[in-house]
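Asks: Build the 3D model from these lines:
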Amino acid sequence: MNAKSTGTLPAKDIARVMQPVLVDLLGLALNGKQLHWHVQGRLFLPIHQRLDKVIKDARGFADEVAERLVALGVPGDGRPPTDSSALGRSPPGAHHRSAVQLVWGQTGVRLRPAHSRATATCRAQPVRCAAHGQWL
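Replies: Presented below is the predicted three-dimensional model:
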């Protein structure tokens, strides 16, 4: 058994199965959030609360799957395939410091123009958060 084996299946075979699971879990979290924003009606609160739990669980399970992939020596790829974001795509397998700098840098670049327009509304908090994340 090699260092990246899990007993009976080679790591690459397990990774091949786990990668789509990672994407599906992240998709579930994103779709759940989309629904969460648009819930209306008499059952708003219980549906809203249930979606919060589904989203939290999906993100948590996605973290577990991604960390397992990395432990197997395979960089998990959970980047959304959408082209509607101007942030661009982060490189797969980026190391922690460069990944954090890249993500916060991209976010800051996108939010900085909004900073001057931000008021005391809810738009101001994401801008402050992005600015804070850049200097951490």
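Asks: for the protein, what spans make up the strands?
Replies: In the chain, no segments count as strands under DSSP state E.
Asks: Listing request: residues of it with sub-threshold pLDDT.
Replies: Confidence mapping of the chain against pLDDT under 70 gives the ranges 1-7, 80-136.
Asks: what residues go with each domain of it?
Replies: 1-78, 86-136 (automatic domain parsing).
Asks: Could you tell me how many residues sit around V70?
Replies: When neighbours are counted by other C-beta atoms under 10 Å, V70 registers 13. Placement of C-beta: from N, CA and C, glycine included.
Asks: Run a quick check on it versus G76, I expect a contact.
Replies: Yes - using C-beta atoms under 8 Å, V70 makes contact with G76 at a distance of 6.4 Å.
Asks: Quick one: residues contacting V21.
Replies: Contact partners of V21, counting by C-beta atoms under 8 Å, 6 or more residues apart in numbering, are V65.
Asks: Next, find the distance separating it from D63.
Replies: The spacing between V21 and D63, counted by C-beta to C-beta, to the nearest Å, is 12 Å.
Asks: and what of V54?
Replies: Taking C-beta to C-beta, one finds V54 at 15 Å from D63.
Asks: With L9 instead?
Replies: Distance from L9 to D63, by C-beta to C-beta: 22 Å.
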